[in-house]
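Participant: turn this into a model:
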Amino acid sequence: MREREADPPNVTVPRRRVRDLTTRLVPRDSLAAVVAVLSIVVAWYLVAAAVPRLPVPTETLGAAARILADPSSYVDVLSTLRRVAIGFVASTILGVVIGVAMGSSPWWQGVLKPWVLAALAVPGPVAIIFATLLIGISELSVLIALVFIVTPYASNILVSAVAGRDHSLEEMAYVFKFTSMKRFRHVVLPQLLPALFAAMRTSFALSWKLVVVIEAVGASRGIGTQISRSFRLLDVASGIAWAALFVIVMWLIDAIGFQRVERHLYRWRSGTRVA
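Facilitator: All right, here's what the predicted structure looks like:
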């Protein structure tokens, strides 16, 4: 009898392998970022067609090129970055101290809570205007207004985390005779890290947003001052270019600084993703 011919080998590639290969060549995050940028550009052109005063992206890119070519522009950028850094560090440290004190002690919570609530109730523009009126247009008024507005948000995040930590773990550390430093590093700090990073991100986001507003009201140099000047001169393209450059710089700081540090500290968590 004639033997049955063997079936040809199955040359189909599994779908999962194709998907993995595609993901390796074009990462999903990169593809999503490209789609997001393209959608913004398309929407920008559509809105510019309906609003004549809004410059198209090419005009804004030309304005950004002129800004980057002007050496004095970097003085404004550095002035703003310095204010953001000082405001962020000062408000984070003060917010963490207040939050830890309120979360650890009912007495301190009773003393500090009215101050925190009052600071939260004061609108940001009001604090900026009063700081400028009382101190004048100076670097000190900018920083005081910034720290006054941002600090209560950071402290409010830490309060609940400190008060809600697992005390049984600390009791276990006492039983095993952990030193104070070892107990803080291995028991207390891991419980507070998520809230600490949330407070830092909140302080950073509020700082760089408010710095632009404060500079537009009461500063002689800075990105906020340049944005205000551009709109006074009806130079909308330069105003948008300044704002876009500032957003890109802040995004880079967040991506290079915060996300890398967070990945390093949370490296023991498998599958952790940083937004």
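Participant: now do the contacts for the residue lying closest to V162 once chain neighbours are set aside.
Facilitator: Leaving out its chain neighbours, the residue that sits closest to V162 by Cβ to Cβ, 6 or more residues apart in numbering is G103, at 2.7 Å. From N, CA and C alone the C-beta is placed, and that goes for glycine too. When contacts are counted by Cβ atoms under 8 Å, 6 or more residues apart in numbering, G103 touches Q109, L158, V159, S160, A161, V162, A163.
Participant: go ahead and flag the most central residue of this protein.
Facilitator: A205 (4.1 Å; Cα atoms, centre = their mean).
Participant: isn't S141 right up against A127?
Facilitator: No: the criterion here is Cβ atoms under 8 Å, and S141 misses it with A127 at 10.3 Å.
Participant: mind listing what's buried in the helix or strand hosting V211?
Facilitator: Using DSSP states H and E, V211 sits within helix 189-218. Under the neighbour-count criterion of 16 or more other Cβ atoms under 10 Å, helix 189-218 has 191-192, 195-197, 199-204, 206-218 buried.
Participant: what of stretch 225-235?
Facilitator: So, applying 16+ other Cβ under 10 Å, buried residues of stretch 225-235: T225, Q226, I227, S228, S230.
Participant: residues contacting that stretch, please?
Facilitator: Contacts of stretch 225-235 (Cβ under 8 Å, 6+ apart): A63, S73, D76, V212, E215, A216, A219, V236, S238, G239, W242, A243.
Participant: mind doing that once more with 10 Å?
Facilitator: Contacting residues not belonging to stretch 225-235 are listed as 53, 55, 63, 67, 72-73, 76-77, 79-80, 212-219, 222, 236-243, 245-246 [Cβ atoms under 10 Å, 6 or more residues apart in numbering].
Participant: out of these, which are inside helices?
Facilitator: Filtering those for membership in helices, criterion DSSP state H, returns 63, 67, 72-73, 76-77, 79-80, 212-218, 236-243, 245-246.
Participant: ramachandran angles for I144?
Facilitator: When read as degrees, to the nearest 10, the backbone of I144 gives phi -60, psi -50.
Participant: what's the closest non-adjacent residue to it?
Facilitator: Excluding its sequence neighbours, the residue lying closest to I144 (Cβ to Cβ, 6+ apart) is A131, at 5.2 Å.
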